[in-house]
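**Student:** the following comprises the amino acid sequence and a computationally predicted model.
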Amino acid sequence: MSAHVVARQGAELRDAHESAKLIPYLRELWERRSYIRHVAMNELRHRQITNVLGSFWHLLNPALTIGVYFVIFGVIIKSDRGIDNFLLFLTIGLFVFQFGQKSTIDGSRSIINNKGLIKAVRFPRALLPISSTVTEALASIPTFIVAYMVALVTGTDITWRWLMLPPLLFLMMLFNIGTAMIAARLTTHFADTTQILPFIFRLALYLSGVIFSVDAYVENNPLANTLFTLNPYYCFISLARWSIMAGNLQTDLLLSAFVWTAVSLIGGFLWFRAAEERYARD
């Protein structure tokens, strides 16, 4: 029997072995779901302890953030051309984008910040980036409450579409779990990943229609329209704006969001898990 055939059979056996272990791994993740809740709540309480105003900062911080961005891009730069309710437009775009940004960056540190725990206790390592993403999702709830408040203050009509924002954000949380896992493994191989990610997201901020309308760029420009449709952050931002600000639902953006979520969650999980045993050694 040739060495090539032996190697191929060995690879097939390893693949079959890994597949057989996948279901128990997922079952163990589910059984330890209380750990995710415990970590998320402890982290949120820790953030409040160091603040004089406590939980009030959960509402004050996003409100101040929007105020700063509105002054810069709405008053000084005047990037609100062609947008009827620029304050709400900016609020939704910024909060959705920051949800994805913070989840990925926090997830990138989830392995390297828990090396001691990983070496001391056996558990599914995927719990760490999942926990960091869930923590950020809970921390983001007040920001979207602020978005609803801005909608009311600016005279936006309440419609059934407002109920669609939580499911859209849950879908994005699943997408964020995948990106957090990808970033977590990358960081174990390349420690500089945590330094590079903020610059990548700074560029993505201007490529995702957060602070300006992309209508002028995609009109009569099929290539630009395709590029924006393939941008997952633009898709989630546009769908969130549709849910609160009305307008037409773009099914291509909805489809793109679902596809990106599936690719990110499944692909990120499988790629992260492939290095499961290395995290305790690196």
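**Tutor:** Done, it's in.

**Student:** neighbours around residue 42, how many?
**Tutor:** Applying other Cβ atoms under 10 Å, we find 12 residues neighbouring residue 42. Heads up, the C-betas are built off the backbone N, CA and C, glycines and all.

**Student:** which other residues reach the helix or strand residue 115 falls within?
**Tutor:** If you go by DSSP states H and E, residue 115 is part of helix 115-120. Outside helix 115-120, the residues that touch it by Cβ atoms under 8 Å, 6 or more residues apart in numbering are 111, 125, 128, 279-280.

**Student:** so what are the structural domains in this structure, by residue number?
**Tutor:** 1-31, 35-278 (automatic domain parsing).

**Student:** can you give me the first-to-last residue distance of the longest one?
**Tutor:** Domain 35-278 has an end-to-end distance of 22 Å (Cα to Cα, to the nearest Å).

**Student:** same deal with stretch 216-224?
**Tutor:** Termini of stretch 216-224 sit 10 Å apart (Cα to Cα).

**Student:** mean pLDDT added to the domains of the chain, as JSON lines?
**Tutor:** Listed next are the domains of the chain as JSON lines, based on pLDDT from 0 to 100:
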{"stretch": "domain 1-31", "mean pLDDT": "57"}
{"stretch": "domain 35-278", "mean pLDDT": "87"}
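
**Student:** need the winner for burial among these.
**Tutor:** domain 35-278 (a mean of 17; mean count of other Cβ atoms under 10 Å).

**Student:** now do that domain: distance to the chain's middle.
**Tutor:** 4 Å (Cα atoms, centre = their mean, to the nearest Å).

**Student:** go ahead and confirm residue 162 touches residue 147.
**Tutor:** No: Residue 162 lies out of contact with residue 147 (Cβ atoms under 8 Å); the separation is 10.1 Å.

**Student:** how about residue 66, nearest residue that isn't a chain neighbour?
**Tutor:** residue 91 (5.1 Å; Cβ to Cβ, 6 or more residues apart in numbering).

**Student:** kindly report the same for residue 265.
**Tutor:** residue 178 (4.2 Å).

**Student:** give the contact list for the one you found.
**Tutor:** Neighbour list for residue 178: 261, 263-269 [criterion: Cβ under 8 Å, 6+ apart].

**Student:** quickly find the element holding it.
**Tutor:** helix 165-189.

**Student:** next SSE downstream of that helix?
**Tutor:** Following helix 165-189 in sequence, per DSSP H and E, is helix 193-207.

**Student:** close enough to count as contact, residue 217 and residue 224?
**Tutor:** Yes: counting by Cβ under 8 Å, residue 217 touches residue 224, with 4.9 Å between them.

**Student:** which other residues reach stretch 241-261?
**Tutor:** Contacts for stretch 241-261 (Cβ under 8 Å, 6+ apart): 85, 88-89, 92-93, 147-148, 151, 156-157, 159, 161-162, 164-165, 168, 171-172, 174-175, 178, 229-230, 232, 234-236, 238-239.

**Student:** that should have said stretch 273-282, apologies.
**Tutor:** Contacts to stretch 273-282, defined as Cβ under 8 Å, 6+ apart, come from residues 25, 111, 118-119, 124-126, 185, 188-189.

**Student:** do the same with stretch 201-220
**Tutor:** 69, 73, 79, 81-83, 89-90, 93-94, 97, 101, 104-105, 224-225, 228, 231, 233-234, 237-238.
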